[in-house]
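Asker: Sequence first, predicted model second:
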Amino acid sequence: MNQIMIGKFIAYKRKEKNLTQGQLAEKIGVSNKTISKWECGKCMPDYSIIEVLCKELDISIAELIDGKESEQSNKREYDEKQILDMLSKIQNLEGQKNNLFGIILVVMGMAFLALSQTTGGTNFRDFLSGLMLGLSVGEMLIGLYIISKSILKQ
């Protein structure tokens, strides 16, 4: 899947139907900034609204994923339900990856916290101890932020 190609295809089909980003956004229940992100290739539509988007643009899900109109002689091995299911699974895996990344940051923060407690005594060791303490707090906060953001998305 080429996000930029898909975005250009969404923009092309939207303009073909004489719709502004705001009008399309209103019809499918998202913001016009979301449409803009899709069309620029910054992100992909969520699997939960792909069907509505395709219906509004009069295209198939396969055409959307390909980023171009399909030829009549072109045969598909997968039907649209299977494509939607696959997209749903991909987005779930992305969420799990973010959770894992957050957990790793929290664990690394705890390790730095433990290390910061073992050093000290001289000015340089006290500096290292404080640096590790700061890193540990920062890593744990970033990890918790990533985990909470991922959980709230679900």
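Answerer: Great, that's in hand. What you are looking at is a predicted structure, and each value in this text was computed from that prediction instead of being measured. Numbering: from 1, shown residues only.
Asker: S36 against G22, yeah?
Answerer: No. If you go by C-beta atoms under 8 Å, S36 and G22 don't touch, sitting 9.9 Å apart. Quick note: C-beta positions are derived from backbone N, CA and C, even for glycine.
Asker: What lies in contact with the helix or strand where K13 lies?
Answerer: Per DSSP states H and E: K13 is located in helix 3-16. Around helix 3-16, the neighbours that count as contacts under C-beta atoms under 8 Å, 6 or more residues apart in numbering are 21, 24, 35, 38-45, 53, 57-59, 63-65, 67-68.
Asker: Quick one, which of those are buried?
Answerer: In the contacts of helix 3-16, burial by neighbour count holds for 21, 24, 35, 38-39, 41, 44-45, 53, 57, 59, 63-65, 67, counting by 16 or more other C-beta atoms under 10 Å.
Asker: Identify the farthest-apart pair in the residues you listed.
Answerer: Spatial extent of those (C-beta to C-beta) is set by the pair Q21 and I65 at 20.9 Å.
Asker: tally of neighbours for L152?
Answerer: For L152, the count of nearby residues is 7 (other C-beta atoms under 10 Å).
Asker: wait, L135 sits on L105?
Answerer: No. Contact status for L135 versus L105: not in contact, 10.7 Å apart, counting by C-beta under 8 Å.
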